[in-house]
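# Quick one, what's the 3D model for this:
(one chain, ligands or ions: 1)
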Amino acid sequence: MDYRNFVGGQWLETTDSTPNVNPSDISDILGYAAKAGVDQLDQAIDAAHQAAPGWAASTPQQRFDVLDFVGSELLARKAELGRLLSREEGKTLPEGIGEVARAGQIFKFFAGEALRLAGDRLASVRPGIEVDVTRFPIGVVGLITPWNFPIAIPAWKIAPALCYGNAVILKPAELVPGCAHALIEILSRSGLPEGVVNLVMGRGSQIGPRLVESAKVKAISFTGSVPTGRGIAAACGQHLKKVQLEMGGKNPMVVLDDADLAIAVEASLNGAFFSTGQRCTASSRLVVTEGIHERFVEALAERMQALKVGNALEDGVQMGPVVDERQLQQNLSYVDIAAKQGGKVQGGERLNRDTEGFYMAPALVSETDNAMRINTEEVFGPVASVIRVKDYEEALAVANDTEFGLSAGICTTSLKHASHFKANAEAGMVMVNLPTAGVDYHVPFGGTKGSSFGSREQGRYAAEFYTSVKTAYTLP
Ligand code: ADP
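Residues are numbered from 1 along each chain as shown. As a prediction, this is how the structure comes out:
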């Protein structure tokens with residue numbers, strides 16, 4: 001399979017390409033993905049720039065029809081596309097199928113939102129004057145996406161961008177061209193005018209800066225690492241461009257003495273290790289009060305060690321491989337650092353399976369303190385650490401003692417502590433008796449502090465980023 005770039009309604013000839021490797025079996029090459037240079041990106045920017053006014057003038061019905069078509073097809077093909085996703089990214093088949101269904105639901109949600117976009121009409125403070133506040137599209141938006149949710153994240157950026165009348169350039173992560181290509185292929189048959197959606201695959205470091213700096217691109221929505229995000233924000237500031245960043249997390253899961261142990265273990269197992277821990281909302285710091293600490297660590301370690309790690313496409317596998325060799329080495333080195341700094345490590349070794357891939361056992365590092373590197377830096381793998389604390393007050397202080405602020409969880413049966421935590425956890429999303437990861441598609445997603453920048457993604461709140469507001473005064 002050749003994944004070609006899609007620009008101005010045409011699939012471009014590929015001049016340079018990279019192989020798409022299955023992380024569960026490196027002998028399995030899914031295809032070859034085009035690697036755009038700056039010239040192809042420039043073509044895409046021009047095509048989007050030309051197409052933007054036409055789509056901005058489209059009716060809510062046209063937008064609904066496009067988005068509904070894409071949503072329906074994603075849902076109908078979730079088994080096939082979920083398999084592609086799992087083969088390409090390495091999450092288990094149920095997780096892959098679930099993600100495709102999620103992408104479909106997101107398109108359906110924004111199909112409906114296209115019909116509901118409203119403004120405000122107010123009385124002026126001056127007599128006889130009418131005031132209207134309306135939302136309008138911002139023009140061409142550049143969407144830069146990571147590899148860990150290869151269809152859901154492009155979906156939750158493209159769907160609102162189109163819903164609110166913008167033209168799109170998608171720059172997906174290099175490791176997951178297949179999902180981006182499949183999504184754009186569906187969009188290419190959705191009735192969208194040529195040039196409204198463009199796919200430009202290529203090296204982020206080569207073409208990313210051009211996308212960010214082009215005067216024709218009015219806004220950038222980025223999900224990825226903190227250093228790249230900071231660089232993009234700086235460039236957008238220089239060019240006075242609207243920017244939205246979703247970056248890392250070091251999400252705490254607080255477990256109090258009064259927690260239901262089974263719920264706490266289940267939520268922590270899911271939050272820390274599902275999707276191979278490759279979620280920015282993963283529970284990587286388990287902050288546990290001393291009365292339940294021993295029982296919790298023992299029960300969680302037992303469940304973790306029983307997880308079936310293997311080929312993402314195999315039945316019954318609960319944790320797939322790490323996405324690539326570089327990420328695997330980074331995970332192993334963090335486990336090593338944690339052990340050297342005094343952590344007690346269970347699991348965390350490289351594993352061999354029938355097929356050659358990037359397998360590792362999930363790791364639990366207990367007896368850590370919050371200043372250790374394992375607790376300050378994002379690992380982005382199936383590695384969780386445990387921090388023992390005295391009481392709720394110390395747990396909250398430790399939970400908040402991080403530069404990140406995406407998601408925070410608490411397991412407790414105390415209404416008082418749950419309510420206090422919801423109000424005082426420094427995070428954009430708070431979970432009570434639920435994993436820190438796993439969110440709905442119709443409500444805002446995003447964080448505080450170093451995790452996010454700009455307005456929220458998803459749900460109605462997405463309008464804030466993908467539209468601008470006009471205030472009109474009329475003396476009739
Ligand atoms: P990750 O480690 O999760 O891959 P990155 O921040 O490196 O996170 O990548 C996220 C996305 O940002 C990818 O699509 C990547 O190609 C893109 N990217 C990388 N470097 C740049 C850059 N300098 N400018 C714009 N985009 C970039």
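# mean confidence for stretch 459-475?
Averaging pLDDT along stretch 459-475 yields 97.
# Name the residues of that stretch that are buried.
Gly459, Ala462, Ala463, Glu464, Phe465, Tyr466, Thr467, Ser468 (16 or more other CB atoms under 10 Å). Every C-beta, even on glycine, is put in place using the N, C-alpha and C of the backbone.
# Stretch 272-288 too?
Buried positions in stretch 272-288, judged by neighbour count with 16+ other CB under 10 Å: 272-288.
# how long is that stretch from one end to the other?
14 Å (CA to CA, to the nearest Å).
# Double-check Ser124 against Val133; I have them as touching.
No. The criterion here is CB atoms under 8 Å, and Ser124 misses it with Val133 at 11.9 Å.
# Just the buried residues of stretch 272-288: which are in helices?
Members of the buried residues of stretch 272-288 lying in helices (criterion: DSSP state H): Ala272, Phe273.
# remind me, longest helix of this structure?
Using DSSP H, we find that the single longest helix of the chain is helix 93-116.
# residues in this structure within reach of the ligand, list them.
With CB under 6 Å from any ligand atom as the criterion, the chain comes near the ligand at residues 144-147, 171-174, 204-205, 208-209, 212, 224-225, 228, 231-232.
# Give me the buried subset of these.
Neighbour counting by 16+ other CB under 10 Å classes 144-147, 171-174, 204, 208, 212, 224, 228, 231-232 among the residues of the chain next to the ligand as buried.
# Show me the two of those residues that sit farthest apart.
Spatial extent of these (CB to CB) is set by the pair Trp147 and Val212 at 19.2 Å.
# coming back round to it: which ones among the residues of the chain next to the ligand map onto helices?
In this view, these that belong to helices under DSSP H are Gly204, Ser205, Gly208, Pro209, Val212, Thr228, Gly231, Ile232.
# Name the nearest of these relative to Glu99.
Checking those one by one against Glu99 (CB to CB), the nearest turns out to be Gly204, at 21.7 Å.
# Skipping its backbone neighbours, what lies nearest the closest residue to the ligand within the stretch 301-450 of the chain in space?
Closest to the ligand within the stretch 301-450 of the chain is Phe380: 7.2 Å, counting by CB to the nearest ligand atom. With sequence-adjacent residues excluded and distances taken as CB to CB, 6 or more residues apart in numbering, Phe380 is closest to Gln278, at 5.8 Å.
# residue contacts, that neighbour?
For Gln278, the contacting residues are Lys91, Asn148, Val322, Val323, Gln327, Phe380, Gly381, by CB atoms under 8 Å, 6 or more residues apart in numbering.
# how far away is the nearest residue in space to the second one that is not next to it in sequence from Val383?
Leaving out its chain neighbours, the residue that sits closest to Asn148 by CB to CB, 6+ apart is Gln278, at 4.6 Å. Applying CB to CB, to the nearest Å, the value for Gln278 to Val383 is 11 Å.
# cool, Arg102 as well?
For Arg102, the distance to Val383 equals 25 Å [CB to CB].
# The two: which is more packed in?
The neighbour comparison of Arg102 against Val383 (other CB atoms under 10 Å) goes to Val383, with 25 against 20.
# Would you confirm that the more buried one contacts Ser283?
No. Here Val383 does not reach Ser283: they are 10.9 Å apart, not a contact under CB under 8 Å.
# which residues are common contacts for these two?
Listed as contacting both Val383 and Ser283 by CB under 8 Å, 6+ apart are Ala272.
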